[in-house]
Structures are given as structure tokens and as C-alpha cells.
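>>> Here's my sequence, what's the structure:
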Amino acid sequence: MKRSTPRPKCRARAKHTGEPCGNYPPPGGVVCRFHGGRAPAAMKKAAIRNALAEALQNGDRRPPFMILADTLHSCDVLATQIRLGIMGAEEVTPDMISAFVEAIERAQRAAKLVIDARVETMMVQSVMVEGDVIAGIFLRALAAANLNVDAEMRLREALGVELSRLGEQQQALDGRPVSVQVIDSVVVGE
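Prediction:
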């Protein structure tokens, strides 16, 4: 397999001439073995770089709206922790106030991005598509099972009950209402 980019060379330079070292570092490293590339700390950082490169190249890709939502959540958690730290402190320092203001401004910028990108709408649409896929799977499974009318109705009712329980559990976890309805004997999640 041919590399798309040339392999980087050691970043170290000669003390007297300033010339760069011509050796290659170990994979993920930035300096060669002669300049500390085999030291335990350097090897640990190289392993982290390699794992990150692997995740970026082969990892699952998430939709941008999910990343934006996670970013906003992270900013909110950070701002909340800083606020709680200020509230619990005996003495509030200017550095604490600066950190809080920066966290709030970061959260505000992230919130504006989320609103401008209509993340909530995209999340709802994504859930609706997933719900349609799951409903299609249920309907195809029911058709393939060749159940009599009574057994099919009992199964649809049981699915409705279980989905309602799932909605109640989800609501208890995140505090948002989740409704599940049975419309025309087809289970539909909202």
C-alpha cells in the first residue's frame, strides 16, 4: 500500500548547525529514537496519535447536527460546573469570573450555531425516519408470520404497550415527554 503523504522526519535539530535530523520517528512519533522517540512518554503519546488517526480514518461518522448538539451540551456542562465552583467558593477571584464568562460566551456561540443549523428539526426528522424504518420492520414481520387476525391484534397491542413503557422510561431519563400512539392498529412513535 502506497502512502499518500510522505513520512515525516524527526523534528529535532542539531545544536550547533541547526540542521534537521534526517532520521524517521517511530509511527505516531515526532522524534527519532536518538532524540527520545523510544522514551515511555513519547511512545505513549505516539500510541494516542495512532489511535486518533485510526479513529478519524475508520471510525463511524456522525451527522453534523448530532455533533453540534453534543458540542452545545458540553459547553453547557462546562459552564454549569464553573458556576457551581463559583457558588461554592469562599472567595471569588477574577480568574474564576473570567473562566465563567468565557464558558458562557462559548455556550452562547454554540447555541447560536445549533439554532441557525436547525439541529432540533434535524433530530426530529432523524427520529421520524428511524421510527418509519422500525414500523416497516414490524409490519413486514407481521405479514411474514401469517398470524390470524386475533393473534395479530394481540401482538399489535403488546407492541403498543411495550413502546409506551419505553417512552415512559425515556421521559424519566431525560425529562422530555415521549408519546406513543396506536393509530389504525399500527404502532406509531412521536
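
>>> Can you get me a residue count around Glu19?
A count of nearby residues for Glu19, using other CB atoms under 10 Å, gives 8. Any C-beta I mention is one placed from the backbone N, CA and C, and that applies to glycine too.

>>> mind listing what it touches?
Contact criterion CB atoms under 8 Å, 6 or more residues apart in numbering gives Arg13 as the residues in contact with Glu19.

>>> What does it show for phi and psi?
Taking degrees, to the nearest 10, you get phi -70, psi 140 for the backbone angles of Glu19.

>>> Then the one 4 residues further on?
Main-chain dihedrals, Asn23, degrees, to the nearest 10: phi -80, psi 160.

>>> Arg13 now?
Phi and psi for Arg13, reported as degrees, to the nearest 10, are phi -130, psi 150.

>>> excluding its backbone neighbours, what's nearest it?
Using CB to CB, 6 or more residues apart in numbering and skipping residues adjacent in sequence, the residue nearest Arg13 is Pro20, 5.5 Å away.

>>> can you check Leu78 too?
In space, Leu78 is closest to Ala103, 5.1 Å off (CB to CB, 6+ apart).

>>> Might one say that that neighbour is in contact with Cys75?
Yes: here Ala103 lies in contact with Cys75, judged by CB atoms under 8 Å, at a distance of 7.0 Å.

>>> the helices in the protein, which residues?
Remark: helices assigned in the chain by DSSP state H are 40-58, 64-88, 94-116, 119-145, 149-174.

>>> I'd like the ones you listed as TSV, with mean pLDDT appended.
Output for those, formatted as TSV (pLDDT from 0 to 100):
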stretch	mean pLDDT
helix 40-58	89
helix 64-88	86
helix 94-116	87
helix 119-145	83
helix 149-174	79
